[in-house]
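Q: sequence plus the predicted model coming up.
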Amino acid sequence: MSEPPPKPAAHPSAPSAAPSSDAPHIGDAPAIAAGELLGRAEGGPEAFGWLHHFVTALELAPAVAVHSIDQAGIIRFWNRASEELYGIPSSEAVGKPFRELVFHPDHEAEFEEAIAAIWRSGRAPPARDWQVQSRAGRRHWVYSCPYPVRHDSVMQEVFCMEVDITARKEAESNLAQAAQVFQNARDAIIMMDADYRVRAVNGAFTSITGHVPEHILGQSLASLGWDAADGFYERIWSELDGQDHWEGELASVRSNGERYPVRVALTAIRDAHGDVSSYMAMLSDISERKRLEEQVRHQAEHDALTGLPNRILFLDRLHQALATWRRQRDRCAVMFLDLDKFKAINDTHGHQAGDAVLREVAARLRACVRRVDTISRLGGDEFVVLLADIKGADQAAHVAGAVTQAVARPIDIKGQQVALSVSIGIALCPDDGGEVEALLHHADVAMYHAKQDGRDTYRFFSPAMNAHVIERVELENRLRQAIDSHEFVLEYQPEIEVASGRVGTVEALLRWRHPEHGLLLPHRFLPVAEESGLIVPIGEWVLKEACRQARAWSDAGFPVTVAVNLSAAQLAHVGLRAAVDAALLGAGLAPGALELEIAEDALVRGEPAFETVLALRARGVQLSIDRFGTGVSSLEALRRFPLTKLKIDRSYVGDVGHDPVDAAMVPAIISVARSLGLRVVAEGVETAEQLEFLRRHGCDDYQGFYASAASARPDLSPRPA
């Protein structure tokens, strides 16, 4: 028979009362409830001996920290678990005040009152949780069971058994936080069991879907009514089984029938054995995000002024149309549209009125095409139209005609009716190209020729047009080089006084000494210069050179006025006044010795031209209307503008001898000029008969081959009267 196990040695801090010799060994002691133990402890030495054995056993228990204090708060017992819990050896704890070794943050007074209540009442309070902090600063949570211990009916100590529950508290805190997150999350969270049945939903579920929890609990997620194709859910569950996660965007339906986009994230949750125990679904209402994305996309692909597709979206549509043509051989057409003389609207009525006109034009263009077609504003007053899936050129011509008529309807601007016209170029696929760049280029070329042919019309592309445009581009490039290479020269043609034969004015005429083609007259290059904007720097050179020559003639004893033609682009340019001042100042020429000839159409260009003319006249510069009778000026315009001279176009002078109409028109023009106080010059005089006719009707000056051709060194001597 084996010997019983030895009794464990008493801990140094064990109670001083020794157990009775007949007490059972610790190993043989039956389990005693705390309440029964207290009852025995109150019963006498035998119970106290039992308590001693119980506490001695707890000395070796690794999970329960046991310590005791006397009425003064001095530690009398401190087991090994207490040493590990608080990090204080028994030798440093026994005999020390408990409050100096262990603290109860924010609850120290409450703890001391609880201990004092035990000493007053002699009763054990309910066990509770305390957060404690050791002398070393470590904090943890303990489940504490204090109770009084009596001997001979007198309380001797307060024993306390404590279990470290820090991990449990952290788990409880985490669970509480998780519950808060679950309930307060902005996204809907749905918990499902392993069979995909809904077991719990959070508050956001109802706010997003409109469904109360009772509508979905116990049901499958599919009951929410997704816009999904057949077999969709099976594919999702299959992916979940393989990857534990699925995420995507779906269309869903709220309880009130409203459709909305939602982002769904499904996650499989596995247990400790690796088996799927549940699923979690998170639903995010992405309606606002989709709205913002659509807004940003629309802004990136549409013109802010008209709302039409911009170049980016148009090119995408054109690429798609060409891809369709390659697959199905469906034809398409590209139409370039440019509003004729739109700049005059901005100059006359202001840019806000111009913007209103562009919006109205855009609305009219929409009404001329089908839903499958695309209208785009490229910028300024340029539009482009993609006609998709057309039968041929006839259909494109029909649309072009409809657009021409729609744009031609008057537009009301601040109570004034403004008439517009449009020039259209058309390129067909595949006739004029099967690539984006070719179609756009060829439509642009055709539009340019519509402009050249008088505007307010449309033209289809042809190879001859392309060759012409290439020639024009080369001419423009060569013009830029001509400015830097000083290839321009001036010739001068005198204006002769009819009465005296004296040369009063000399008109400066621009020529281009082309390295390959020789001396070119203005009609060969000025239209390109005006369209490209090169007329401005060329015109500034003409002003400077003409003023310099006039000053040289004056210094040589031939004081004359020099006349320089201004194009419409020059007159509208903001730098014209400064250019005139610089030319006069550089040559040292008096303003009265410079005459600027402007086209008759400039009289109807509105306030900007009028203000420029007033400023130039105020400087002392003379102003004349060139080629009068070929434009659309009115008597009111002639009266308002501070002119000094009127030049009758050569087309009226040439037939005065045998055309009754011209013979009547010239005297009428002279009479009008006289009534306005203007000097009159007749252009294109080639015969003595013509000169005599002008003399009889009171013309002041004449110009033409009869007197002198244009020359770099004109004869300034008087002619016979």
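A: Done, it's in.
Q: return the list of helices and strands in contact with the helix or strand hosting residue 482.
A: Per DSSP states H and E: residue 482 is located in helix 463-484. For helix 463-484, the packing partners by 3 or more Cβ pairs under 8 Å, 6 or more residues apart in numbering; DSSP states H and E come out as helix 436-452, strand 503-514, helix 526-532, helix 535-555. Every residue, glycine included, has its C-beta placed from N, CA and C.
Q: tilt between that helix and helix 436-452?
A: Here the directions of helix 463-484 and helix 436-452 differ by 80 degrees (axes from the mean of the first three to the mean of the last three Cα atoms, to 10 degrees).
Q: distance between helix 463-484 and the chain's centre?
A: Computed by Cα atoms, centre = their mean, to the nearest Å, the chain-centroid distance of helix 463-484 equals 37 Å.
Q: now that helix: mean pLDDT?
A: Helix 463-484 shows a mean pLDDT of 81.
Q: any idea which helix or strand comes after that helix?
A: Assigned by DSSP H and E, the successor of helix 463-484 is strand 488-497.
Q: from the contact counts, what lies against that next one?
A: With contacts taken as 3+ Cβ pairs under 8 Å, 6+ apart, strand 488-497 sits against strand 503-514, helix 535-555, strand 701-702.
Q: show me where pLDDT drops low in the chain?
A: Applying pLDDT under 70 to the chain flags residues 1-62, 225, 227-233, 465-466, 469, 602-608, 631-634.
Q: closest one to residue 332 among the helices and strands packed on strand 488-497?
A: helix 535-555 (37.7 Å; Cβ to Cβ).
Q: next, the buried residues of that closest one.
A: 535-536, 538-551, 553-554 (16 or more other Cβ atoms under 10 Å).
Q: count of neighbours near residue 306?
A: With neighbours defined by other Cβ atoms under 10 Å, the count for residue 306 comes to 21.
Q: kindly confirm my reading that residue 658 forms part of a strand.
A: No: Residue 658 sits outside any strand when classified using DSSP: H, G, I helix; E, B strand; the rest coil, being coil.
Q: let's number from 793 now, not from 1
A: Yes, from this point I'll number from 793; that puts the last item at residue 1450.
Q: hang on, the earlier thing: could you check the angle strand 1280-1289 makes with the helix holding residue 1274?
A: Going by the same axes, to 10 degrees, helix 1255-1276 makes 90 degrees with strand 1280-1289.
Q: how about residues contacting helix 1255-1276?
A: 1234, 1237-1238, 1240-1241, 1251, 1279-1280, 1304, 1306, 1317, 1320-1321, 1324, 1326, 1329-1330, 1333 (Cβ atoms under 8 Å, 6 or more residues apart in numbering).
Q: nearest to residue 1171, of the helices and strands packed on helix 1255-1276?
A: Closest to residue 1171 of those is helix 1228-1244 (Cβ to Cβ; 13.2 Å).
Q: and the helix or strand just after the closest one, which strands flank it?
A: Next along the chain after helix 1228-1244, taking DSSP H and E as the criterion, comes strand 1250-1252. Paired strands of strand 1250-1252, with direction, are strand 1214-1221 (parallel) (DSSP bridges).
Q: and the angle from the helix holding residue 1274 to helix 1327-1347?
A: In terms of direction (the same axes, to 10 degrees), helix 1255-1276 departs from helix 1327-1347 by 40 degrees.
Q: what angle do helix 1255-1276 and strand 1295-1306 make?
A: Interaxial angle of helix 1255-1276 relative to strand 1295-1306 (the same axes, to 10 degrees): 110 degrees.
Q: need the helices and strands packed on strand 1280-1289 in TSV (columns: distance to residue 1269).
A: What follows is the helices and strands packed on strand 1280-1289, written out as TSV (distance: least, Cβ to Cβ, whole Å):
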stretch	distance to residue 1269
strand 1295-1306	13
helix 1327-1347	15
strand 1493-1494	40
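Q: right, and those - which one's nearest residue 1117?
A: Across these, closest to residue 1117 is helix 1327-1347 (Cβ to Cβ), at 41.7 Å.
Q: immediately after that closest one, which helix or strand?
A: The C-terminal neighbour of helix 1327-1347 among helices and strands, as given by DSSP H and E, is strand 1353-1358.
Q: relative to strand 1280-1289, how tilted is that following strand?
A: Going by the same axes, to 10 degrees, strand 1353-1358 makes 120 degrees with strand 1280-1289.
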